[in-house]
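1. I would like the atomic coordinates for the input below:
(chains A and B)
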Amino acid sequence: MPSAELINLVPYLVPTTGGLAILILGIWPKRVSIRLLSTATLFFLLLGAAATLLWQVPGTVGSMLVIDDLSRVFTLFFMLGAAAIVLLSFGHAPIRNELQEEYLSLILFATLGMALLVSSNNLISAFLGLEILAVPLYALIAWQPIRYGAIEGGIKYAVLAGFATAFFLYGVALVYASSGTLDLTELNTVAGDESLLPVAITLILVGVGFKVALVPFHMWAPDIYQAAPSPITALFASFSKAATIVFLIRLLCLQLPQIWEALLPLLWGLALISMVVGNLLALNQQNLKRLLAYSSIAHLGYILVGLAAGTAQGRDAAIYYAVTLAIMNLGAFAVIVALTRREQDRENLADYRGLGRRYPMLGLAMGIYLLALAGLPPTAGFMAKLLAFGAAVEAGNMMLAIVAVLNTALAFFYYLRVMMEFYSEQETSLNTIPPTQGTLIVIIIAIVLIIGLGIFPQWLLGSLQLP
Amino acid sequence: MDWLSVLIFLPVLGGLWIGVIGHNKTAFARWAALAITSTELLIALGLWWNAVPNEQGYFYIVRAPWVPAMGIQFLLGMDGISLLLVLLTALLGPVVVLVSWNAIQRNWPAFAALLLATQAGIMGVFLALDLVLFYVFWELMLVPMYFLVGVWGHERRLYAAYKFFLFTVTGSLLMLIAILGLYFTHGEQTGIYTFDYFELLQVNLPDNSEMWLMLGFFIAFAVKIPLFPIHSWLPDAHTEAPTAGSIFLAGLLLKTGAYGLLRFCLPLFPEASTDFAPIGMTLGVIGILYGALLALVQEDMKRLIAYSSISHLGFVVFGIYAWNQEGLNGAVILMLAHGVSTGAMFAMVGMLEERCGTRLLAQLGGLLSPIPRLASLLLLFTLSAMGMPGLANFIGEFLVLAGVFQVSAGLAVAGALGIIAGVVYLLWMYQRAVLGEITIKRAWTDLNRREAVPLGLLALVVLWLGLYPAPFLDSLQIPVTAIIESKSSVPTGSIDALR
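-> As a prediction, the model looks like this:
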């Protein structure tokens, strides 16, 4: 193996060895404190992030992984994101005492899964990435088994993700049957069975749709969002979804443009129902975590509005939107973590009543995240919507653009409701514990990124040199 | 130094400054807000003093790249119309701060920060000439306003704030789609993808898409104005808002809608707007009469003035769609006059409420003898609002009617009926509130200096506009001519046939 490929492998090796190292430290005869373990995890993640900067772009690892701007930006993003999740977990009182070496190593493995997923150039490596990502998540959702609903949530996710995997694998099998290869670059060039390939990709799309909770594959999302501890919810609400979306973009937009063309009506329909159903279900939701789950479903719809345009603008919009959505969700869940109570998360909106007044900084942060999710300028949420709707208008999807716009207006309803609870004059009597510094750092970085990317979108778009 | 950016960023940064370090420092927040808004006013006056128009009528242009990849610029420009509205915005700033001085009791620093942010957003709306930038400011002024109404308002404030926000956001999102449609049409025609207003003026739109795009803009502006039948957020928002919020809403936010029609709807879509003009004028007339009729039966002074705003803004739309020299001049002058006189009336209702504890006409009465200064100033503004010659509104209404008369005598007569109704409800309001037997017994205090100064300033402007409107009309000369030319550049049927 040439040395360039070895260097390119480093960002994958770091979380792997890191995960194993943390496990070994955990069974070390002398007890290692959890603070030290967390620090070590952060160290591995930052090391992995630094290693992505050494990547020689463009490059490959075998024929399985492709190293380009897209995978570099996102791998870096996921490494830092996972670091944020570790910080949040450390600041989250309900699971802080349950933090063990397994928890941290699972986060490292999940990061590996995400990194593999965004750079895989082969359906098998994509499958591996997807599973390496999903299996730690089952365990992490059910992390604190005594918590109400934890086991149920874990099992639910495992079963449904199993279904998704089955669809995905069936699709992969059909791809192989139709063309005789699983390599995405080759797939584009070999003349296979013309009619079978779109069907196969549709099945893969169904599998992916489960993972990112598109309507009609969204049933699990609110339950799992609610069941998982908030830092873990943040992990799969933001980063794992973004990873899956990026894989979808690589598959459809970069490697198989002709299939993308063929699937546009399907994407159109999925976008439409995801937006409408997600927003309608969020409208009357009283549980903040569930509300955010439904709103994410709607946001996935907006991402598909971009993809359904079938143009380079639509693809860029989807990429930008995926990053933005990840940051916004991370921020919102970070605030939930910061306001957690000793034994469990606050869930109902009423539990947040008046907290924006008591903690002006957290209130302001939540306000910014919610306005960004709602799509108000000058946040990144606005720019993402501008790009996505712009792509739809340019492609002539006028109807879709107008439905998306009306949905955005609808969404203001529930985001404002959350905000009003935060600034309500009555105050909840439930006490809170002061947030840790790590949580505050995550919150501040998320604000800076949301405003920064909103005012200077070329920070992100300029760093992606896509065809 | 580009002073236009200063106009926008000074209140933003000032608001942040007060919000961050002003925690629990009420006096500091008040004085700082007063200082910042006064500086704004001085800058605006300075800009007026030094204004020299270029050949397109723009006094100042600021241009900087923002998102070059998408052709979004930081493009600000000030022509005569913008200038007058910026002056109005700057004038109402210190007024609002002074009026809120004691009326706002909770959390002054946050209040001041939001007030300044609203002012910055409105300034941006009047100055932005890049369509995305315009949209950014257009949305930006809503959020602080929402909080002003929702946090410091009266009993049903949350409902009102909600309604206000949802109405306007829905409208403006449709405008966003129209902006994108315009952008891509222009891009496909010329290969230049830009949101630059001056570039987009050149676009040739296919017939039916021009109408759709125009409607996208129109709905956003009509919600803000507010035109019948999408006006229903306004009475609620006005009634529930704190005095400062009402002044900003009536004085400035409604003007942004009319300004949008002048700046974007007519010049960008001349053909569709010509076709649409009869409908626009009809909606204006309905607004005039409907607002006036509802104002007649209001018991709450604030609600009454809110409905009278619908009526007055109907006149503005009326004048805009008459689309000739008199109509457009009248519309802009009326926007200023309404901003000043209605702003002042809201301020005085707020002061009355502080003194009497009520705004209900049935419970007021006989205030002339205990508080003569307040009562007589209120008379001045009431007379102005109902169109007394020699005061501000008269010039505007007169010009609008003169303009409309050239287009349709019948509509002009219908509009004039609105003025008559205005005389009735405003005089009746004044009679019930101020004349007659005194109903509330307590120790009265007349206007103090803090209240008298801003009102005096507004009274001065009302008289100036009424007696000597020439300087204002002068600065309208070039931009209004440009808007009229955009109409006459519409190819007529015969020319089309020749092609």
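
2. and residue 408, how many neighbours?
-> Defaulting to chain A. For residue A:408, the neighbour count with other Cβ atoms under 10 Å in any protein chain shown is 24. The C-beta positions use only the backbone N, C-alpha and C, and glycine is treated the same way.

3. other chain: chain B
-> 15.

4. Residue A:189 now?
-> Residue A:189: 10 neighbours (other Cβ under 10 Å).

5. For chain A, which residues are neighbours of chain B?
-> Contacts of chain A with chain B, taken as Cβ under 8 Å from any Cβ of the partner chain, map to A:360, A:371, A:376-378, A:382, A:386-387, A:389-390, A:393-394, A:398, A:401-402, A:405-406, A:408-409, A:412-413, A:416, A:420, A:423, A:455-458, A:461-462.

6. measure the residue in the stretch 51-200 of chain A positioned nearest to chain B to residue A:58 for me?
-> Closest approach between the stretch 51-200 of chain A and chain B, counting by Cβ to the nearest Cβ: residue A:69, at 15.2 Å. Remark: distance between residue A:69 and residue A:58 (Cβ to Cβ, to the nearest Å) = 8 Å.

7. still on that earlier bit, can you tell me how far the residue of the stretch 51-200 of chain A closest to chain B sits from residue A:102?
-> For residue A:69 relative to residue A:102 (Cβ to Cβ), the value is 34 Å.

8. Over to residue B:184?
-> Per Cβ to Cβ, residue B:184 is found 52 Å from residue A:102.

9. By residue count, tell me the biggest helix in chain A.
-> Criterion DSSP state H: the longest helix present in chain A is helix A:150-179.

10. Would you mind identifying the next helix or strand past that one?
-> helix A:184-189 (DSSP states H and E).

11. relative to helix A:150-179, how tilted is the helix or strand just after that following helix?
-> Using DSSP H and E, the helix or strand that follows helix A:184-189 in sequence is helix A:196-212. Note on geometry: by axes from the mean of the first three to the mean of the last three Cα atoms, to 10 degrees, helix A:196-212 and helix A:150-179 are set 170 degrees apart in direction.

12. What residues of helix A:196-212 count as buried?
-> Judged by neighbour count (16 or more other Cβ atoms under 10 Å in any protein chain shown), helix A:196-212 contains these buried residues: A:197-198, A:200-212.

13. quick one on the thing from earlier: quick one: buried ones out of the residues of chain A next to chain B?
-> By neighbour count, with 16+ other Cβ under 10 Å, the residues of chain A next to chain B hold A:371, A:376-378, A:382, A:386-387, A:389-390, A:393-394, A:401-402, A:405-406, A:408-409, A:412-413, A:416, A:420, A:423, A:455, A:457, A:461 as buried.

14. Show the contacting residues for residue 380.
-> Answering for chain A, as no chain was given. With contact taken as Cβ atoms under 8 Å, 6 or more residues apart in numbering or on different chains, residue A:380 is in contact with A:320, A:324, A:327, A:328, A:372, A:449, A:450, A:451, A:452, A:453, A:454, A:457.

15. ah, I was thinking of chain B
-> B:391, B:459, B:462.

16. so for the helix or strand containing residue B:421, what's the average pLDDT?
-> Per DSSP H and E, residue B:421 falls inside helix B:409-434. Averaged across helix B:409-434, the pLDDT comes to 88.

17. what's the spacing between the longest helix of chain A and its chain's center?
-> 18 Å (Cα atoms, centre = their mean, to the nearest Å).

18. buried ones in that helix?
-> Buried residues in helix A:150-179, counted by 16+ other Cβ under 10 Å: A:150, A:153-154, A:156-158, A:160-161, A:164-165, A:167-169, A:171-172, A:174-176, A:178-179.

19. how about the helices of the stretch 1-150 of chain B, start to end?
-> B:3-21, B:26-49, B:80-103, B:108-127, B:131-140, B:142-152 (DSSP state H, counting those that start in this stretch).

20. and the first one, what's its mean pLDDT?
-> Along helix B:3-21, the predicted local confidence has a mean pLDDT of 87.

21. what about that helix and chain A, touching?
-> No: using Cβ under 8 Å from any Cβ, helix B:3-21 stays clear of chain A, with a minimum separation of 8.8 Å.

22. Pull the distance from that helix to the chain's centre.
-> How far helix B:3-21 lies from its chain's middle: 21 Å, per Cα atoms, centre = their mean.

23. Show me what that helix packs onto, helices and strands only.
-> Judged by 3 or more Cβ pairs under 8 Å, 6 or more residues apart in numbering or on different chains; DSSP states H and E, helix B:3-21 is in contact with helix B:26-49, strand B:58-67, strand B:72-79, helix B:80-103, helix B:108-127.

24. what packs against the fourth one?
-> Taking 3+ Cβ pairs under 8 Å, 6+ apart as the contact definition, the neighbouring helices and strands of helix B:80-103 are helix B:3-21, helix B:26-49, helix B:108-127, helix B:243-248, helix B:254-260, helix B:325-356, helix B:449-467, helix B:470-488.

25. Helix B:3-21 and that one, what's the angle between them?
-> 20 degrees.

26. Tell me the residues of the stretch 1-150 of chain B that contact chain A?
-> Checking the stretch 1-150 of chain B against chain A by Cβ under 8 Å from any Cβ, the hits are B:23, B:66-70, B:132, B:135-136, B:139-140, B:142-143, B:146-147, B:150.

27. which among those end up buried?
-> Taking 16+ other Cβ under 10 Å as the criterion, what is buried in the residues of the stretch 1-150 of chain B next to chain A is B:66-67, B:70, B:132, B:135-136, B:139-140, B:142-143, B:146-147, B:150.

28. tell me which of the residues you listed is nearest to residue A:127?
-> Proximity of those to residue A:127 (Cβ to Cβ) peaks at residue B:70, which lies at 36.6 Å.

29. The closest residue to the closest one other than its chain neighbours: what secondary structure?
-> Sequence neighbours aside, residue B:193 is the residue nearest to residue B:70 in space, at 6.9 Å (criterion: Cβ to Cβ, 6 or more residues apart in numbering or on different chains). Recorded secondary structure, residue B:193: coil (DSSP: H, G, I helix; E, B strand; the rest coil).

30. Same check on residue B:437?
-> Taking three-state DSSP, the label given to residue B:437 is coil.

31. Identify the residues contacting stretch A:286-294?
-> Applying Cβ under 8 Å, 6+ apart, the external contacts of stretch A:286-294 come out as A:213, A:221-222, A:224-226, A:230, A:233, A:237, A:278-279, A:281-282, A:285, A:329, A:332-333, A:336, A:345-350, A:352, A:414, A:418.

32. any weak-confidence spans in the stretch 251-400 of chain A?
-> Applying pLDDT under 70 to the stretch 251-400 of chain A flags no residue at all.

33. Quick one: neighbours of residue B:300, just the number.
-> 17.

34. which residues does the residue nearest to it when sequence neighbours are not counted contact?
-> Once flanking residues are discounted, residue B:300 sits nearest to residue B:359: 5.3 Å by Cβ to Cβ, 6+ apart. Residues counted as contacts of residue B:359 (Cβ under 8 Å, 6+ apart) are B:300, B:301, B:302, B:349, B:352, B:353.
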